[in-house]
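Peer 1: sequence first, predicted coordinates after that:
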Protein chains: 2
Amino acid sequence: MPEPFEELASLDRLVHEPARLAILTVLSACESADFLFLQRLTGLTKGNLSSHLSRLEEADLIWIRKEFSGKKPRTIVGLKERGRKAVDQHWERLEALREDTRKWRPVPNLGTP
Amino acid sequence: MPEPFEELASLDRLVHEPARLAILTVLSACESADFLFLQRLTGLTKGNLSSHLSRLEEADLIWIRKEFSGKKPRTIVGLKERGRKAVDQHWERLEALREDTRKWRPVPNLGTP
DNA sequence: AAGGACCAGTCTGTATTACAGACCAGATAT
DNA sequence: ATATCTGGTCTGTAATACAGACTGGTCCTT
């Protein structure tokens, strides 16, 4: 019984953080997305989004490619293998937890009687 | 399209934080639970658990009752109305996000073409 | 009576963190 | 020339989670 909860309490904060969870989840639905799109999607400031992306890249969860389309800079990001695994796993854990909890209901009290 | 993601990026950190999400989710499956049970469940130290519970109580999401069963102190916590709403809503948002993302697949690229 | 364990904290210190906003630099449009 | 768009870096700040020390009461053992 306690297993999924111990896991939950130690969820990977790198993935769990709302902004990054949003980014990763969006990326899991496409091959790539560009900086501006992600910024509008998440409502983050440039600086903030940039540092979140850097962290995800350092963690080897995403790749970041800088192109010039014409002379305009363009930053494109996408999921790496590890990233896809990480997001999928994260969602699975969350869902597993929720399901497990549902099965308990109704329980009057938990703890020492 | 972007709506659920803007929400996600601004998820209530009070509820989203792993330890508290675990606590709240457990509580949503029972009428009450006691301190020790929650501690073992989450693996948190006493001090840490205590402060998480305090925050949840301040936010009016849970109640905390101190009993003495015999002469042993016993701390029992449970969800308040607001708490139940908060957890349910949170999970709904997460699930909605995931569902929305699934529907997108497959999308080659998101952003300026 | 003294030592220790159990319970549920409070408090302190530390390290991490998310975030806004300032600044930067190259290119384009006015 | 000035302003704007691109995608950053850097700095400062306020909040944070967390461990571990300490408190203080009750119980049990010796």
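Peer 2: It's in. Being a predicted model, the structure only gives us computed values, none of them experimental.
Peer 1: assign A:R65 to helix, strand or coil.
Peer 2: Assigned by DSSP: H, G, I helix; E, B strand; the rest coil, the conformation of A:R65 is strand.
Peer 1: quickly list what it is bridged to.
Peer 2: A:I76 (DSSP bridges).
Peer 1: who's in contact with it?
Peer 2: Contacts of A:R65 were listed using C-beta atoms under 8 Å, 6 or more residues apart in numbering or on different chains, and they are A:T75, A:I76, A:V77, A:G78. The way it works is simple: take the backbone N, C-alpha and C, and place the C-beta from them, glycine included.
Peer 1: what is the burial count for the first one?
Peer 2: When neighbours are counted by other C-beta atoms under 10 Å in any protein chain shown, A:T75 registers 17.
Peer 1: could you check the helix or strand where A:A19 lies against chain B for contacts?
Peer 2: Using DSSP states H and E, A:A19 sits within helix A:18-27. Yes: contact of helix A:18-27 with chain B (C-beta under 8 Å from any C-beta of the partner chain) involves A:P18, A:A19, A:L21, A:A22, A:T25, A:V26.
Peer 1: isn't the fifth one right up against A:D88?
Peer 2: No: A:T25 lies out of contact with A:D88 (C-beta atoms under 8 Å); the separation is 10.1 Å.
Peer 1: looking at the two, which one has more neighbours?
Peer 2: The neighbour comparison of A:T25 against A:D88 (other C-beta under 10 Å) goes to A:T25, with 22 against 12.
Peer 1: returning to that earlier point: could you say what helices and strands the next helix or strand after the helix holding A:A19 packs with?
Peer 2: Sequence order places strand A:30-34 as the next helix or strand after helix A:18-27, per DSSP H and E. Contact partners of strand A:30-34 among helices and strands, from 3 or more C-beta pairs under 8 Å, 6 or more residues apart in numbering or on different chains; DSSP states H and E: strand A:72-79, strand B:107-110.
Peer 1: quick one: which of the ones you listed is nearest B:S69?
Peer 2: Minimum separation from B:S69 across the helices and strands packed on strand A:30-34 (C-beta to C-beta) falls at strand A:72-79, 51.8 Å.
Peer 1: which SSE is A:T101 in?
Peer 2: In the assignment (DSSP H and E), A:T101 maps to helix A:81-104.
Peer 1: just send the residues of helix A:18-27 next to chain B back as CSV, with distance to B:L53 and pLDDT too.
Peer 2: Shown next, in CSV, are the residues of helix A:18-27 next to chain B (distance: C-beta to C-beta, whole Å; pLDDT from 0 to 100):
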residue, distance to B:L53, pLDDT
A:P18, 22, 94
A:A19, 27, 94
A:L21, 25, 95
A:A22, 28, 92
A:T25, 30, 93
A:V26, 34, 91
